[in-house]
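[1] for reference, the sequence and a predicted model appear below.
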Amino acid sequence: MKYQSNQSIRRRFKAVELARRVAVSVSLSVLTGYGIAQEKQVDSELDGERPKATAPRTTSNIEELVLVERGTLPVMISAPHGGTLRISGVPARKGEGMQAGPAGFFTGRDGGTEELAKEVVAAIEKKLGARPYSVISSTHRRYLDPNRPAEIAYEDDDAKPAYERYHANCRLHCDEIMSQFRGGLLLDLHGQGSSSQMVFRGTGNGKTVSRLRERFGEESHTGDTSFMGILNDLGWRVYPKPYGGKEQSGFTGGYIVQTYGSHRTEGIDAIQLEFGSEYRNEANRKKTASVLAEAVSRYLEIYVPNHK
Ligand SMILES: [Zn+2]
């Protein structure tokens with residue numbers, strides 16, 4: 001036979017496609033379970049969300065690449081990995097010679113977390129009548145990773161201003177919060193792909209909330225009125241639980257909470273939150289944000305009562 005009929009080509013295509021899908025699902029199933037590292041999540045849209053029809057935009061406008069807002073509450077929201085924009089003239093990072101893994105090179109985005117961070121800012125304002133500080137990357141992680149030290153964060157000099165904008169404003173915001181309120185809370189929002197219905201805490205096992213623990217005792221970190229205790233009370237599935245248990249390896253808190261956390265003299269109590277997809281998909285984001293705002297409100301009442 002010189003040529004294949006359309007039908008047989010279609011049949012062969014289907015067989016190849018089926019084999020490809022099986023391969024994908026096998027590689028995904030390897031990634032499930034708590035043992036996996038922080039950000040070995042596939043770089044794809046979230047469950048239940050369609051891939052964006054439009055190609056990602058490219059810009060050199062630094063104010064678009066990193067969104068910054070000065071607030072009036074002792075709370076700062078950070079979200080380094082949810083962006084989609086490309087930076088003009090900047091190729092995708094290659095990570096040559098770099099270690100991969102939770103503290104190393106990775107380019108997959110935390111889908112839905114840029115949108116979630118914006119929803120959280122709005123929900124806190126609705127709840128408390130004032131806005132938190134925020135620093136949100138709209139840049140895709142292929143070009144910039146603000147949750148890493150500079151040498152792993154970008155490879156092209158044209159990405160450096162966005163990185164510096166992210167960190168200069170984290171610094172400024174923390175300084176301002178501490179000088180005005182003598183205490184506060186930084187929440188660094190991320191997405192994890194290992195447990196869709198779970199939210200993991202990362203504090204370096206209590207290190208990045210050192211000041212809170214010194215002032216209010218271990219209960220403030222491990223008790224029912226700790227931030228995770230409050231979230232659990234509001235119906236979230238949180239880890240570790242009991243809250244004094246060890247944080248999951250790979251989710252213990254990255255560069256941002258390590259840099260701005262209160263184990264440092266000039267730091268602020270800082271918690272990294274790693275959201276499963278059910279907390280950050282389009283259908284649930286608003287709910288997630290409103291519960292988080294309620295938790296922030298309760299937390300401030302107890303630990304930063306002068307926030308009003
Ligand atoms: Zn992340």
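    In hand now; what should we look at?
[2] ok, now which ones touch residue 259?
    167, 170 (CB atoms under 8 Å, 6 or more residues apart in numbering). (C-beta placed from N, C-alpha, C; glycine too.)
[3] from residue 57, how far off is the residue of the stretch 151-300 of the chain found nearest the ion?
    Nearest residue of the stretch 151-300 of the chain to the ion, counting by CB to the ion: residue 190, 3.4 Å away. Computed as CB to CB, to the nearest Å, the residue 190 to residue 57 distance reads 23 Å.
[4] tell me which of those two has more neighbours.
    residue 190 (28 against 10; other CB atoms under 10 Å).
[5] residue 168: neighbour count?
    Neighbour tally, residue 168, other CB under 10 Å: 14.
[6] oh, I was asking about residue 182
    Counted with other CB under 10 Å, residue 182 comes out at 12.
[7] phi and psi next, for it.
    When read as degrees, to the nearest 10, the backbone of residue 182 gives phi 60, psi 10.
[8] the one 10 residues further on now?
    Dihedral angles phi and psi of residue 192 (degrees, to the nearest 10) take the values phi -120, psi 150.
[9] surely it is in contact with residue 272?
    No - between residue 192 and residue 272 there is no contact, the gap being 10.4 Å when judged by CB atoms under 8 Å.
[10] which positions in the stretch 101-250 of the chain make contact with the ion?
    Of all the residues in the stretch 101-250 of the chain, those in contact range of the ion (CB under 5 Å from the ion) are 110, 190.
[11] ok, 8 Å please
    Proximity of the stretch 101-250 of the chain to the ion (CB under 8 Å from the ion) is limited to residues 110, 113, 141, 147, 190-192.
[12] worst-scoring helix or strand of the chain, pLDDT-wise?
    Ranked by mean pLDDT, DSSP states H and E, the weakest helix or strand in the chain is helix 6-30, scoring a mean of 43.
[13] tell me the helix or strand right after that one.
    Following helix 6-30 in sequence order, the next helix or strand is strand 58-59 (DSSP states H and E).
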